[in-house]
Structures are given as C-alpha cells and as structure tokens.
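Asks: just need the structure, nothing else, for what follows:
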Amino acid sequence: MSISIATLKEAINIKETIQQLEDRLAKLFGGKSAPAHIEVESAPAKKGRGRSKMSAAARAKISAAQKARWAKSKGVTVAPKETPKKRGLSPEGRAKIVAALKARWAKQKKGVAKAAAPAKGKKRGGKLSAEGRAKIVAALKKRWAAHKKAKK
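Replies: Residues are numbered from 1 along each chain as shown. Okay, the predicted model is just below:
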C-alpha cells in the first residue's frame, strides 16, 4: 500500500489541528494537557446526616392528603379515614390533679397573705389622691433642699 505525499501532508495538517485544539482545551482546564478521554468529576459527597427518613405514619398522612386533593380537583368525594380516638384523662386522675393544685395554691396564698397584707381601708393602685401627691412633693422638696445645702 503506497501513500501519496498529498495524503501524508493532509494527515500532518489534521494532526497539527488536533494538537492545537488539545492545547486550547488544556488552557481552559488550568494548563493540564487534556487526556484522550475527558473524566468528569462526580459531585462531592454531601456532609451531614445524609437523607432524612420519614416515618410510615407521616408518609401515610401525606399520601392521604394528596389523594384528597386530587379527588377534590376531579370532583370525586373520598370518605376520610377513621382516626383513632385520642386518649383522655380518667376521672380519678383528673380529681387527683385538681386536689394537688388546690392544695398548692392554698399553701401559696397563705404564704403571700402573711408577707404582703395591704393596710385595711386604703386602696392599692389606681390614681394618687391630692393629699398623697402633696406629701410626696413636700418630701422631694425637702430632700432637694438638703442636697443643695450639702453641696454649698
């Protein structure tokens, strides 16, 4: 098999073109010479717990809700699933809790009543009477006078 000079020149030309393209490609990827086949790096592994798991009950709720939405959009009525009855407190248990709370509040009220019993006949809170205000003003004036006298 004889190869003509024209064919050899064309092969050299193609080889040079390929080399130029590989050099351009290498510049794009940071100066490394490009291998014959390009390797694509996989995405880095996710840090953390990974994929969260959902309970079967949660999946069932989501599934039922989605089915209800589809039925509503299609105009079909779907009977809701019967949910289990929630557990309640027995009357005996409730009575024990109420008795314990009453005893606790009685004990607390007894301690508070002794500590801060308001004087009889006087109102607590509300607006200040004119007499009370006058007493406070007089006490403040006396205090400021003593303060000014101490500075001189």
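
Asks: from here on, just use CA atoms for contacts and neighbour counts.
Replies: OK.

Asks: next secondary structure after the helix or strand harbouring residue 105?
Replies: Residue 105 belongs to helix 91-115 when assigned by DSSP states H and E. Sequence-wise, the next helix or strand downstream of helix 91-115 (DSSP H and E) is helix 130-151.

Asks: report all helices and strands that the lowest-mean-pLDDT helix or strand in the chain contacts.
Replies: Least confident helix or strand, the chain: helix 91-115 with a mean of 88, by mean pLDDT, DSSP states H and E. The helices and strands touching helix 91-115, judged by 3 or more Cα pairs under 8 Å, 6 or more residues apart in numbering; DSSP states H and E, number zero.

Asks: now residue 57: how far from residue 100?
Replies: To residue 100, residue 57 is 37 Å away according to Cα to Cα, to the nearest Å.

Asks: what about these two, which has more around it?
Replies: Set residue 57 next to residue 100 and count neighbours by other Cα atoms under 10 Å: residue 100 wins out with 12 against 9.

Asks: how about the spatially most central residue of the chain, phi and psi?
Replies: The centroid of the chain falls nearest to residue 52 when counting by Cα atoms, centre = their mean (16.6 Å). Here is the backbone geometry of residue 52 (degrees, to the nearest 10): phi -80, psi 150.

Asks: okay then, goodbye and thanks.
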